[in-house]
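Student: This is a predicted model, with the sequence first.
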Amino acid sequence: MEIGAMLDELREMALKDEKIRQELMNTRKDTHPLAAFCSKCRELGYEIYEMDLITAGEEFYATMRRSTNGGGENSPKLEGEDDFYELFFASLEQKN
């Protein structure tokens, strides 16, 4: 399963279960939040590791960029579109 699909499933799980949502949100308070988040994901059955999460966002953005306006330097930079980690938490914070 791809990182994006795993994060979608995790998001749905967290939005249905407040305990899981809070556990995921609490990882942001750790001294190494990305590592803590990935560890929690693995506890929940999703094999997500730090570098996989980082590169998945970058690869997704690079693919999107190549597919618009011929790609290359003329394509506009979309703020945060390459950061699956931050997008995941933004979607959980919208619940409040």
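Tutor: That came through fine.
Student: Point out where the protein drops to low pLDDT.
Tutor: For the chain, the stretches with pLDDT under 70 are 57-82, 95-96.
Student: and with 50 instead?
Tutor: Within the chain, the ranges that satisfy pLDDT under 50 run 80.
Student: the helices in it, which residues?
Tutor: Per DSSP state H, the chain has helices spanning 3-16, 18-26, 33-43, 50-67, 84-93. These are given in chain order.
Student: Now those helices in JSON lines, please, with extra columns for mean neighbour count.
Tutor: (Each C-beta comes from the backbone N, C-alpha and C, glycine too.) JSON lines is the format used below for those (neighbours: other CB atoms under 10 Å):
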{"stretch": "helix 3-16", "mean neighbour count": "16"}
{"stretch": "helix 18-26", "mean neighbour count": "14"}
{"stretch": "helix 33-43", "mean neighbour count": "16"}
{"stretch": "helix 50-67", "mean neighbour count": "15"}
{"stretch": "helix 84-93", "mean neighbour count": "16"}
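Student: So what does the residue nearest to residue 9 when sequence neighbours are not counted have for phi and psi?
Tutor: Leaving aside its sequence neighbours, residue 9 sits nearest to residue 46 (CB to CB, 6 or more residues apart in numbering; 7.2 Å). Backbone geometry at residue 46, expressed as degrees, to the nearest 10, gives phi -110, psi 110.
Student: How about residue 2?
Tutor: Per degrees, to the nearest 10, the backbone of residue 2 is at phi -80, psi 160.
Student: That one is in contact with residue 56, isn't it?
Tutor: Yes. Using CB atoms under 8 Å, residue 2 makes contact with residue 56 at a distance of 7.2 Å.
Student: circling back: tell me how many other residues crowd the residue nearest to residue 9.
Tutor: Using other CB atoms under 10 Å, residue 46 is surrounded by 17 other residues.
Student: That one and residue 8 touch, don't they?
Tutor: No. Using CB under 8 Å, residue 46 makes no contact with residue 8, being 10.6 Å away.
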